[in-house]
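S.K.: Here is my input; please provide its structure:
(one chain, ligands or ions: 1)
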Amino acid sequence: MNLTNIGTVKDILGRHGFSFSKGLGQNFIINPDICPKIAENGNAAPGFGVLEIGTGIGVLTAELAKRADKVAAVEIDTRLMPVLEETLAGFSNIKIFNEDVMKCDLQKIIREEFHGLKAAVCANLPYYITSPVIMLLLESRLPVESITVMVQKEAAQRLCAEVGTREAGAITVGVNYFGTAKSLFNVSRGSFMPSPNVDSAVIRIDVNKEPVLAPEKEKFFFAMVKSGFSQRRKTAANALSSQLGIEKQKIYDCLRELALPETARLEQLNMEQLLDLADRLR
Ligand code: SAM
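M.R.: Numbering: from 1, shown residues only. I've put the predicted structure just below:
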């Protein structure tokens, strides 16, 4: 079944009485070049189990299942279950979980479905939860080698920005802490049905095998980053003293040890400086 053929897609959705939900970020891929490219760049290969988030009618799911040993996919919309039964009927290596990705036990899914396989995540993410999903995947330390996702172009720029530049946000620091992000290719709005108001891009995060910091240090590091980036215009000293209750003089001393001015803002620090500052402040 050609799931990028507009006629075929309209026919299937029409027969199932399906209407797109804007709230669930339902923009399905109809450009035939995109899903094979995501799969090929996203570790969908022999020896891998791929976790997909948000199947839609299964256009990416099918490309993943053609290449990987196993696909486990989480889709919140119950109305899509009978659609997927039809569109993915030819595959025996796909398991669909009709659940909310933010609430289900992804560790368990990977452990039980990908026994003995390496794991990766591939998805055309629902835009309304891009950052929470990416942080959930990273913070829960899923044993995955890579996370390859389509996101809005602006989100891709932020995720792949260099820490310490204006484009970077707390999420950029998070991504850089847990791995390395790279923008792979852009996707125009016309590649989707219905067409969204923005263009998209596919990025891949290669996930670090070992955590950079011990759990306690990590907790403090992210508390510091969140306080600093939630008040971007404030100096690091003002933001951290008001939010974390650290004495200003202590912050000034630590900044001086790092050869940074007292007026430095947290968003101006690079990854190494952020890690160093957190270590000294703790
Ligand atoms: N992969 C399909 C494609 O590329 O055509 C669909 C992508 S569409 C952008 C996002 C999908 O995520 C939709 O099918 C939507 O129902 C699903 N979704 C939205 N929120 C979700 C959630 N919290 N948990 C799981 N799936 C979700």
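S.K.: so where does Asp206 fall, helix or strand?
M.R.: Secondary structure assignment for Asp206, by DSSP states H and E: strand 200-207.
S.K.: tell me how far that strand is from the chain's mean position?
M.R.: 8 Å (Cα atoms, centre = their mean, to the nearest Å).
S.K.: ok, then the element right after that strand?
M.R.: helix 215-230.
S.K.: Report the contact partners of Leu281.
M.R.: 220, 224, 240, 246, 250-251, 254 (Cβ atoms under 8 Å, 6 or more residues apart in numbering). No exception for glycine: its C-beta is placed from N, CA and C like everyone else's.
S.K.: 10 Å - rerun?
M.R.: For Leu281, the contacting residues are 220-221, 224, 236, 240, 244, 246-247, 250-251, 253-255, by Cβ atoms under 10 Å, 6 or more residues apart in numbering.
S.K.: Contact residues of this protein facing the ligand?
M.R.: Contacts of the chain with the ligand, taken as Cβ under 6 Å from any ligand atom, map to 24-29, 53-56, 59-60, 74-77, 100-102, 124, 126, 129.
S.K.: what about Ala123, which helix or strand?
M.R.: Here Ala123 is assigned to strand 118-124, by DSSP H and E.
S.K.: List the buried residues for that strand?
M.R.: 118-124 (16 or more other Cβ atoms under 10 Å).
S.K.: quick one: the helices in the stretch 101-250 of the chain?
M.R.: Assigned by DSSP state H, counting those that start in this stretch, the helices in the stretch 101-250 of the chain fall at 106-113, 130-139, 153-159, 170-178, 215-230, 236-244, 248-257.
S.K.: Which neighbouring elements make contact with the fifth one?
M.R.: Meaning helix 215-230. Packing partners of helix 215-230 (3 or more Cβ pairs under 10 Å, 6 or more residues apart in numbering; DSSP states H and E): helix 130-139, helix 170-178, helix 236-244, helix 271-281.
S.K.: give me that answer again for 8 Å
M.R.: helix 170-178, helix 236-244, helix 271-281 (3 or more Cβ pairs under 8 Å, 6 or more residues apart in numbering; DSSP states H and E).
S.K.: where's the closest residue to Glu154 other than its chain neighbours relative to Asp105, distance?
M.R.: Nearest non-adjacent residue to Glu154, counting by Cβ to Cβ, 6 or more residues apart in numbering: Val198, 7.3 Å away. Separation of Val198 from Asp105 (Cβ to Cβ, to the nearest Å): 32 Å.
S.K.: now Lys182
M.R.: Computed as Cβ to Cβ, the Lys182 to Asp105 distance reads 29 Å.
S.K.: More neighbours: the two, which one.
M.R.: Lys182 (15 against 12; other Cβ atoms under 10 Å).
S.K.: Ser183 versus the spatially closest residue to the more buried one that is not a sequence neighbour, what's the distance?
M.R.: Counting by Cβ to Cβ, 6+ apart, Arg204 is the residue found nearest to Lys182 once chain neighbours are left out, at 5.5 Å. The spacing between Arg204 and Ser183, counted by Cβ to Cβ, is 8 Å.
S.K.: Mind checking which of those two has more residues around it?
M.R.: Higher neighbour count among Arg204 and Ser183: Arg204, with 23 against 16, using other Cβ under 10 Å.
S.K.: Confirm for me that the more buried one is in contact with Phe185.
M.R.: No. The pair Arg204 / Phe185 is not scored as a contact, 10.3 Å apart, by Cβ atoms under 8 Å.
S.K.: Could you find the closest non-adjacent residue to the residue of the stretch 51-200 of the chain found nearest the ligand?
M.R.: Here the residue of the stretch 51-200 of the chain nearest the ligand is Gly54; by Cβ to the nearest ligand atom that distance is 2.1 Å. The shortest distance from Gly54 to any non-neighbouring residue, by Cβ to Cβ, 6+ apart, is to Pro126 (5.3 Å).
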